[in-house]
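Engineer: Everything below, folded, please.
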Amino acid sequence: PPGHLLGARGAAGPAPSMGPPRWEHALAVLLVALVRVAVAQDPMSHNGGSALAMCGRDAVVLLLDGRGGAGNLLIARRRRPVLRVGRGVLMGVCGLDTDIETLLDDVVPKLRLAAARDGVSLGGPVVSRIVGNYQYERRARHLHCECLVAGVGAQGPPYLCSMDVLGAHVVTDDFAVAG
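Structural biologist: The predicted structure follows:
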């Protein structure tokens, strides 16, 4: 009968399981290969680095790691700066080292100019707006770095904001990550 094969001794039995069809297997192999290529071409995965900001009742904490590597391979450990931008405002950047230097070289003078123009210390929302606008201005040839701004002021709750490579803001009230 159809669907049955003769066994080794000639006894009839159900057909053995052949596994998934070949096209499903080929599709799975293709998807795995595409993910590997996407990860290999992502500059953020080559230099590594991550940042975490958490807030308490009247405090914020900003942590950056100093890992530099590709995937799970540790190539170098270096100190990543946490910038004190204003009174009670911290900024951390992670990504490609050259892009971090470019961002800091261009943004820090803008932040100083804004603080001198207003005559007051910059708050977290103002700092994140200036940094996000700068990243969005460079969207055609964007910098491969993500920023994290954490601030606490005399008025209002603590401020946490993470930004992607295009400067899109994600403002939270408990924790934020980048990298």
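
Engineer: for the chain, what spans make up the strands?
Structural biologist: 4-6, 12-14, 51-55, 60-64, 67-70, 73-77, 82-86, 89-95, 145-151, 159-163, 169-172, 175-178 (DSSP state E).

Engineer: Packed most tightly, which of those strands would that be?
Structural biologist: Mean neighbour count (mean count of other CB atoms under 10 Å) peaks for strand 145-151 among these, with a mean of 29. C-betas here are computed from N, CA, C, even on glycine.

Engineer: I'd like to know the beta-bridge partner residues of residue 147.
Structural biologist: According to DSSP bridges, the partner residues bridging residue 147 are residue 93, residue 163.

Engineer: Give me the number of neighbouring residues for residue 120.
Structural biologist: Counted by other CB atoms under 10 Å, the residues lying close to residue 120 total 11.

Engineer: Could I get the pLDDT score of it?
Structural biologist: If you check residue 120, the pLDDT there is 72.

Engineer: Which residue is the nearest non-sequential neighbour of residue 143?
Structural biologist: Nearest non-adjacent residue to residue 143, counting by CB to CB, 6 or more residues apart in numbering: residue 99, 4.0 Å away.

Engineer: I figured the one you found hits residue 146, correct?
Structural biologist: No - taking contacts as CB atoms under 8 Å, residue 99 lies outside contact range of residue 146: 10.1 Å.

Engineer: Give the buried residues for the longest helix along the chain.
Structural biologist: Taking DSSP state H as the assignment, the helix of the chain that covers the most residues is helix 97-118. For helix 97-118, the neighbour count (16 or more other CB atoms under 10 Å) marks 97, 99-100, 103-104, 107, 111, 114-115 as buried.

Engineer: quick one: that helix to strand 89-95, angle?
Structural biologist: Going by axes from the mean of the first three to the mean of the last three CA atoms, to 10 degrees, helix 97-118 is angled at 160 degrees with respect to strand 89-95.

Engineer: Kindly export helix 97-118 (C-alpha atoms) in CSV.
Structural biologist: What follows is helix 97-118, C-alpha atoms only, in CSV (Å, rounded to 0.1, in the frame of the first residue of the first chain):
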residue,chain,number,x,y,z
ASP,A,97,35.8,55.3,18.9
THR,A,98,36.3,57.6,15.9
ASP,A,99,32.6,58.5,15.7
ILE,A,100,32.5,59.1,19.5
GLU,A,101,35.4,61.6,19.1
THR,A,102,33.7,63.3,16.2
LEU,A,103,30.5,63.6,18.1
LEU,A,104,32.1,65.0,21.2
ASP,A,105,34.3,67.4,19.2
ASP,A,106,31.2,68.8,17.5
VAL,A,107,28.6,68.7,20.3
VAL,A,108,30.6,69.9,23.4
PRO,A,109,31.1,73.4,21.8
LYS,A,110,27.4,73.6,21.0
LEU,A,111,26.5,72.7,24.6
ARG,A,112,29.0,75.3,26.0
LEU,A,113,27.6,77.9,23.6
ALA,A,114,24.0,77.1,24.7
ALA,A,115,25.0,77.3,28.4
ALA,A,116,26.8,80.6,27.8
ARG,A,117,23.9,82.1,25.8
ASP,A,118,21.2,81.1,28.4
